[in-house]
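Engineer: just a sequence and a predicted model for now, questions to come.
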Amino acid sequence: MRADRLLQIVQLLRRHGRMSSAELARRLEVTKRTVLRDMDALSTAGIPVYAEHGRGGGFALVPGYDPDVEQLTSAEARALFVAGGLGAAEALGLGDSFSSALRKLASALPDHEHRLVDHVRDRIVLDGGGWHRDPDTLDALAEVHDAVLDDERIRIRYQSKEAAAPGERTVDPWGLLQVGTTWYLVATHRGRPRSYRISRISAVRRLGVPAYRPPDLDLRKVWERMRDDFRNVPGIEITLRIHRPRLPMVLRSLSVTMLADPRPAAGDPDVYSMQVRNIRAAAAMLVGFGSEVEVLAPDALRGEIVAIAERAREHHRSGGMPRGSE
């Protein structure tokens, strides 16, 4: 488990002092990239770990840091090693345990280091939510979380993007992932691993039977394969002429469906080509820019924009939605 590995990193740094990412990766039998992610998780969780760059550099704990980990309750230990810090712990119902665990660890620091930790905490706030996005509804997260920890099979009511109405699925939960502010359940359905966005789960029923979980399962590797498969879906090439002042806003709007960075056309700084996942999604994002964006290709995208605009015009010309139909 990742929590075990994070504890192991703390123990190694306490025992050996400064250690390079290569040495930690060798000891833990993981990649250097995994070590760097683990260091981010430790730092976010409040562990005073820092990096020294250059020849002879590496990672180390702040001198004098010597927590009595044995004093931590099981809930505190679990909360402490939730990657994502307090926000993730609160989403899982572990916010109070996270805070109390940090207080216990902080109490073991010398006074001058304790003041340094407070100094940093008063000046740095991490908020993965951003400005323009409403948080996901996480009503099902607590129940799914308990089933994941108990390795118990569940039945969920799930609204997929493709379906008009929610459907029910019996799944074996493997784990939870937080990507930005979005939570996903990774579970097998009919023997195949899939990801389910928590905000689209409207009901959870625990079935009282063990979930099948391979003994050598590496959840991070499963997620990385699923993510890579998603990213490798063949894209659709589109070409746009964009009014220069609107370029940043257009690219931000399309970012959720773009598969790679846009490419400017040779000889025309206003023309860009890019790969998108879905013509309909791209059209819905572009239609609001009106004449400030011209679709040069493909015809399907141009036709979808025209269709959206005509449906909107007809809808509002006829007076909109009749009363009582909401």
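Structural biologist: Great, that's in hand. None of the values given here were measured: they were computed from a predicted structure.

Engineer: going along the chain, name the helices of this structure.
Structural biologist: 2-16, 21-28, 32-44, 74-80, 85-91, 95-107, 111-121, 141-150, 219-231, 247-254, 279-286, 299-317 (DSSP state H).

Engineer: out of those helices, flag the one nearest residue 237.
Structural biologist: With CB to CB as the criterion, residue 237 lies closest to helix 299-317 of the helices of the chain, at 9.9 Å. In this view, the C-beta of every residue, glycine as well, is placed from N, C-alpha and C.

Engineer: picking that back up, closest to residue 50 out of the helices of the chain?
Structural biologist: The nearest among those, by CB to CB, is helix 32-44 at 8.2 Å.

Engineer: tell me which residues of the closest one are tucked away?
Structural biologist: Within helix 32-44, the residues that count as buried by 16 or more other CB atoms under 10 Å are 34-35, 38-39, 41-42, 44.

Engineer: so what's residue 254 up against?
Structural biologist: 274, 276, 282, 285-286 (CB atoms under 8 Å, 6 or more residues apart in numbering).

Engineer: for residue 240, same thing?
Structural biologist: Neighbouring residues of residue 240 by CB under 8 Å, 6+ apart: 250, 271-274, 286, 293-296.

Engineer: out of these, who's nearest residue 150?
Structural biologist: For the contacts of residue 240, the nearest to residue 150 is residue 274 (44.6 Å; CB to CB).

Engineer: test my guess that that closest one contacts residue 257.
Structural biologist: No. Applying CB atoms under 8 Å, one finds residue 274 not in contact with residue 257, separated by 9.4 Å.

Engineer: could the helices of the chain go into JSON lines alongside mean pLDDT and distance to residue 63?
Structural biologist: Listed next are the helices of the chain as JSON lines, based on pLDDT from 0 to 100; distance: least, CB to CB, whole Å:
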{"stretch": "helix 2-16", "mean pLDDT": "78", "distance to residue 63": "11"}
{"stretch": "helix 21-28", "mean pLDDT": "90", "distance to residue 63": "19"}
{"stretch": "helix 32-44", "mean pLDDT": "84", "distance to residue 63": "16"}
{"stretch": "helix 74-80", "mean pLDDT": "57", "distance to residue 63": "21"}
{"stretch": "helix 85-91", "mean pLDDT": "64", "distance to residue 63": "24"}
{"stretch": "helix 95-107", "mean pLDDT": "66", "distance to residue 63": "15"}
{"stretch": "helix 111-121", "mean pLDDT": "59", "distance to residue 63": "8"}
{"stretch": "helix 141-150", "mean pLDDT": "90", "distance to residue 63": "36"}
{"stretch": "helix 219-231", "mean pLDDT": "84", "distance to residue 63": "32"}
{"stretch": "helix 247-254", "mean pLDDT": "90", "distance to residue 63": "44"}
{"stretch": "helix 279-286", "mean pLDDT": "90", "distance to residue 63": "52"}
{"stretch": "helix 299-317", "mean pLDDT": "90", "distance to residue 63": "59"}
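
Engineer: for residue 189, find the nearest of the ones you listed.
Structural biologist: helix 219-231 (13.1 Å).

Engineer: hang on, the earlier thing: among the contacts of residue 254, which one lies nearest to residue 177?
Structural biologist: Nearest member of the contacts of residue 254 to residue 177, counting by CB to CB, is residue 276, at 24.7 Å.

Engineer: so what sits opposite that closest one in the bridge?
Structural biologist: residue 236, residue 258 (DSSP bridges).

Engineer: what's the burial count for it?
Structural biologist: The tally of other residues near residue 276 (other CB atoms under 10 Å) stands at 20.

Engineer: from here on, call the first residue 194.
Structural biologist: Sure, I'll start counting at 194 from here, so that last one is residue 469.

Engineer: list the contacts of it.
Structural biologist: Residue 469 neighbours (CB under 8 Å, 6+ apart): 428-429, 431, 447, 450-452, 475.

Engineer: any chance of the residues you listed in TSV, plus distance to residue 404?
Structural biologist: Formatted as TSV, these follow (distance: CB to CB, whole Å):
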residue	distance to residue 404
428	35
429	38
431	42
447	39
450	34
451	36
452	34
475	38
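
Engineer: wait, residue 375 sits on residue 389?
Structural biologist: No. Residue 375 is not in contact with residue 389 according to CB under 8 Å; the separation is 11.4 Å.

Engineer: which of these two has more residues huddled nearby?
Structural biologist: Taking other CB under 10 Å, residue 375 and residue 389 do not tie; residue 389 has more neighbours (22 against 15).
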